[in-house]
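J.: mind looking at a prediction? Sequence and model below.
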Amino acid sequence: MSDTALRALPSRGPAAIAVRLWPWIAALLVSVILPWLFYDFQHGRQSGFMVSMLSQTGMMIIFALSFNMLMGQAGLLSFCHSVLFGLAGYSTVHFLNAAGAGQLPVPMELIPLLAGLSGLGFGIVFGYMACKQRSTAFAMITLGIVQLVTTAATMFHHFFGGEGGVKTDREIGISLFGLEYGQSIQVYYLIVAWMMISAVGMYFHTMTPLGRMANACRDNHERAQFVGYDPRIVRFLQFAVSGFYAGVAGGLFAITYEIVTFDAVAAPLAANALLMAYIGGATTFFGPVLGAILITLLQSGVSLMSNSWLVYVGVLFIAMVTFAPTGLTGIILEHAPIARAGLLRRLVVPYLRILLPGLVVLFGFVGVVELLSFLTIGMAQGKRLELFGRAVDIFGSAPWIASLACLLGGGFWLTRESRHFKRVWDGLTEVARR
Amino acid sequence: MQIGLISLLDGLVYGMLLFMLASGLTLILSMMGVLNFAHASVYMLGAYFAYELSRWVGFWPALIIAPLLCGAIGAAIEVWGLRRVHHNGHIAELLFTFGLVFIIGRAVQMAWGMLPMPYRVPASLDFPLFSLYGENFPAYRGFMLLISALMLLTIWLLLKKTRIGLIIQAALTHPSMVSALGHDVPSVFTIVFAGGSLLAGLAGVIAGNYLTTESSMADAMGPIVFVVVIFGGLGSLAGCFIASILMGMVQTFSVVMEWSFADMLRPLGISVSADDLLGEILTISISRIGPLVPYVLLIVILLFRPRGLMGTRET
C-alpha cells in the first residue's frame, strides 16, 4: 500500500517539479487573471477600485511575508518594520525623480530592486541597533526606532518633505519592455512580478543555512549558541535580509501612489504587518499571504462602512491570540489528519451548528458597537445609521434590546454548541490518530 | 537663570509623572515578562474616569476612586485575559495587550467622543504657589510633585518593608526560583499587574488636567514610557527612576533651547548651510527637535550599554 503511494508521487523529473510548483503557478495565474474578472465593459478597462485594491494586496503580501521572516521564522517581534518599508519608499521617490530628470538610467522594472537594496541598507543600520537584544527588549528597541524615524520624518524637509511628504511621477520613460506605466493595470503587473520574485526568494531563504539557524535561535537560543553560532549575527543577518524585501514592498508603494508621507514609516503600518502575519498564521510560510489578503479586503470594505473598524480588529486579534494562536493556516492545518482519515464530511453538520449561533453573536456584537459609536462619534460627524436602506432610530429601545439579546443569548448558545463541537472534534481526532 | 529654575521644577514634575507610569510597567515587564502595551491606555482611562467622577462627586473622591477602578481593570485583564494566553508564551501575552490598545482606545472614543474633555484643575488648587523672578509656579504642579513623592515613598516602603515586597523583589530577578520556593507567583503577578495599573490610573488622574484629556493621550505617552523603561534597564526601579527624571528634564529643557549645532560650530570657524539633510540636522534649533531627543538618547545608550542604565540582566 505504501509502495504504491510512494510510486504515485514522483520524486524526480518534470512531473515532480510540476507537483511542487503547482501552488506557485496557481498563485501566479490567479493574480494575472483576477483584474480581468472585474473588467468594466462600459469604459473598456479594468475596475479602478479593484486594481488598486489588488495592487495594495500584492505589496502587503510582500510586506507581511518579510515581516514574518522576523516574527515567524526568527521569533523577533519588530515594530519598526514600517521604517524599512517607508524609508525605502522615500528613497524610491528620490530614485524616480532622479530617473525622471535623466540622472539615473535605471529602467522602471528594476527600480524595486534599488528600493530593496536601500531597504537592505536601512536594515543593516537599524538591525545593528536592534539586534543586540532579543525577544521583549528587541521589541522595545524597535518601538524606539519607529518613533525616532516617524518624528524625524515630520521634522526634516530635504529627504522626507516634512508633513506633506515627497511626491514623484512614475512615468520616467525608461523601461525594459517599452511600457509607460501610466495605467494602473501596468503597475499592477509590475507588482505581481515582484511579488512572485520576492515570495520565491523568501521561500528559498527558509531553506538556506541562515534561515535554518534563524529557526534554531527562535526555538532554543542557548543551544544555537552551543552549536557554535552567534545568535546576534543570525538575528542581524535575518533582519537585514527581511529589510531587503520590506524595501521592495516600500518601493512598489512609492511607484503605485507616487507620494510617500510619514504614514509609510509610522507604527500603525508595522502593526498592520503584525496583524496580517498573526491572523494569517505566523507558524507557516504562507500564513501571512492569507492574512494580507484578508486584512486588506476587510480594510477596504469594513473601514469604509464603519467608524469602529479598530474595535473589530482588536476583538478579532484578541480572539485569535486566545483561541487560535497558530492563526488561520494553523486552524486549516489541524484538519489535515482528519481529512487524511477521510472523516472531513462528519464535520460539516457540527460546523453548521456552530456557524448559526456564531452569526447571531456577531450580529449582536456589531449591533451594540455600531449603536454605541453612532451615539457619540457618528453624531459628531452628522451621520445616520442606516440598515437595509432604512434609518435606524439609535435612541429607540428596540435596536438596543435586539442587539443585546442577540449578543447575550447567542453567546450562551455558542458556548453550548462549541462544547458539543469540541466533543465531536476530539472524537474525530482520536479516530484519525488510530 | 529664571528659566532654568522653573524649567527644573517643571522637568521634575514631568519626570515624576513618567516614573509613576514607568514604575508599574517595569515591574510588570521584569516580573512577568509581559510588555504591557495597554499600560498607557489604562493611564488614559484614569484621566477619563477622573473627569467623569469629578463631574459627579468632585475631584478629591475621584483622586481615590479612579485609580482604584483602574487597578480593578488591571486585575481583570490579568486574571481573565493574560492568564489564559500565558501558556502560549510571552509574544502571545504582548499581542493580547496590543489588541487591548485598539479596543480601549476606540471604546473611550465611543463613550466620550473625539473631542478633548474639559477636565480642569480643581478650584481649590488653582492659584500660584509662589513667584520666581516674575514667573508663577502653579500650586497644582506642587500638588503633583507631592502626590508623586508620596507614591515614591509608598512604593519604597512596600517593597522594602513588607513581606509581599520582599517576594516581589525576589520575583523581579528570579521568578522561577520564587515559585520553586512555594510562593503563589500567579497571585503575586495579579497584585503587581493591578498595582501597576493603579499607578497608571493615578498618573492619568493628576496628568489629565495638567496636560489634556483626549483620546490620543495614550499614544502620546506610551512610546516615551517605553523609552524610560529600556533606558533605565530591566529589573531596576532605581534605574527607572533616574531615567524618568532625566527624560523629564531633557524634554523640558530642550523646549527652551533656541540654539542649534551649527551655532556651536561657528566659533570653530565652520559654517553650515541648510542646503542638504546633514546641514538641516545641524542648523535646526534644539527646541524644534526636542521630541527626538529621548529616542536618540535611547539609541545612544543601547549602543554603549545594551542592558540599559542600571539593568540587571540582558532581557
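T.: Done, it's in. Numbering: from 1, shown residues only, chains lettered A, B, ... in the order given.
J.: for the closest residue to residue B:128 other than its chain neighbours, name its beta-bridge partners.
T.: Sequence neighbours aside, residue B:136 is the residue nearest to residue B:128 in space, at 3.7 Å (criterion: C-beta to C-beta, 6 or more residues apart in numbering or on different chains). For glycine as for every other residue, the C-beta is placed from the backbone atoms N, C-alpha and C. For residue B:136, the beta-bridge partners are residue B:131 (DSSP bridges).
J.: tell me the confidence at residue B:136?
T.: pLDDT for residue B:136: 75.
J.: burial measure for it, as a count.
T.: Per other C-beta atoms under 10 Å in any protein chain shown, the neighbour tally for residue B:136 reads 12.
J.: in the stretch 51-200 of chain B, what residue is nearest chain A?
T.: For the stretch 51-200 of chain B and chain A, the shortest gap (C-beta to the nearest C-beta) falls at residue B:102, measuring 3.1 Å.
J.: who's in contact with the residue nearest to residue B:128?
T.: When contacts are counted by C-beta atoms under 8 Å, 6 or more residues apart in numbering or on different chains, residue B:136 is found next to B:128-130.
J.: helix or strand: which one has the residue of the stretch 301-434 of chain A found nearest chain B?
T.: Relative to chain B, the nearest point of the stretch 301-434 of chain A is residue A:314 (3.1 Å; C-beta to the nearest C-beta). When secondary structure is defined by DSSP states H and E, residue A:314 falls within helix A:309-323.
J.: redo the contacts of residue B:136 as CSV? Include neighbour count.
T.: Putting those into CSV (neighbours: other C-beta atoms under 10 Å in any protein chain shown) gives the following:
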residue, neighbour count
B:128, 12
B:129, 15
B:130, 10
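J.: in CSV: the residues you listed, plus pLDDT.
T.: Output for the contacts of residue B:136, formatted as CSV (pLDDT from 0 to 100):
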residue, pLDDT
B:128, 78
B:129, 77
B:130, 77
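J.: returning to that earlier point: run a quick neighbour tally on the residue of the stretch 51-200 of chain B closest to chain A.
T.: The criterion is other C-beta under 10 Å. On that basis, residue B:102 has 24 neighbouring residues.
J.: and the pLDDT at the closest residue in space to it that isn't next to it in sequence?
T.: Spatially, and ignoring its direct neighbours in sequence, residue B:102 is nearest to residue A:314 (3.1 Å; C-beta to C-beta, 6+ apart). We have a pLDDT of 85 for residue A:314.
J.: then residue A:385?
T.: For residue A:385, pLDDT reads 64.
J.: what's in contact with stretch B:302-310?
T.: Here stretch B:302-310 has contacts from A:129, A:132-133, A:141, B:230-234, B:236, B:238-239, B:242-243, B:301, B:313-314, using C-beta under 8 Å, 6+ apart.
J.: tell me which other helices or strands the helix or strand hosting residue B:49 touches.
T.: Using DSSP H and E, residue B:49 sits within helix B:39-56. Secondary-structure packing of helix B:39-56 (3 or more C-beta pairs under 8 Å, 6 or more residues apart in numbering or on different chains; DSSP states H and E): helix B:2-32, helix B:59-76, helix B:90-112, helix B:185-208, helix B:217-232.
J.: does the first one reach chain A?
T.: Just to be clear, that refers to helix B:2-32. Yes: applying C-beta under 8 Å from any C-beta of the partner chain, one finds helix B:2-32 touching chain A at residue B:29.
J.: show me what counts as buried in that helix.
T.: By neighbour count on 16 or more other C-beta atoms under 10 Å in any protein chain shown, the buried set for helix B:2-32 is B:6-7, B:9-32.
J.: OK, contacts around residue B:30?
T.: Contacts of residue B:30 (C-beta under 8 Å, 6+ apart): B:172-173, B:234-235.
J.: make it 7 Å
T.: B:172, B:234-235 (C-beta atoms under 7 Å, 6 or more residues apart in numbering or on different chains).
J.: hang on, the earlier thing: what's the neighbour count on the residue of the stretch 301-434 of chain A closest to chain B?
T.: For residue A:314, the number of neighbouring residues by other C-beta under 10 Å comes to 22.
J.: any chance you could map the helices in the stretch 151-300 of chain A?
T.: Counting by DSSP state H, counting those that start in this stretch, the stretch 151-300 of chain A has helices at residues A:184-205, A:209-219, A:221-227, A:231-257, A:267-280, A:287-305.
J.: run a quick neighbour tally on residue B:90.
T.: Residue B:90 has 17 nearby residues by other C-beta under 10 Å.
J.: just the helices in the stretch 201-315 of chain B please.
T.: B:217-232, B:237-256, B:261-265, B:277-283, B:286-289, B:293-304.
J.: give the contact list for residue A:279.
T.: A:291, A:294-295, A:316, A:320, A:327-328.
J.: with adjacent residues omitted, what lies nearest to it?
T.: Distances taken as C-beta to C-beta, 6+ apart place residue A:291 nearest to residue A:279, at 4.6 Å, with adjacent residues excluded.
J.: residue contacts, the nearest residue in space to residue B:53 that is not next to it in sequence?
T.: Once flanking residues are discounted, residue B:53 sits nearest to residue B:62: 3.7 Å by C-beta to C-beta, 6+ apart. Going by C-beta under 7 Å, 6+ apart, residue B:62 touches B:50, B:53-54, B:205.
J.: about what we covered before: show me the contacts for the residue of the stretch 51-200 of chain B closest to chain A.
T.: Contacts for residue B:102 were tallied using C-beta under 7 Å, 6+ apart; they are A:310-311, A:313-314.
J.: specify the beta-bridge partners of residue A:45.
T.: Assigned bridge partners for residue A:45, using DSSP bridges, are residue A:40.
J.: next, count neighbours for it.
T.: Neighbour tally, residue A:45, other C-beta under 10 Å: 14.
J.: now it: how far from chain B?
T.: 37 Å (C-beta to the nearest C-beta, to the nearest Å).
J.: pLDDT at that residue, what is it?
T.: On the pLDDT scale, residue A:45 is placed at 71.
J.: before we move on, what about residue A:352?
T.: Listed pLDDT for residue A:352 reads 85.
J.: and the one 3 residues further on, by the same measure?
T.: Residue A:355 is assigned a pLDDT of 87 by the prediction.
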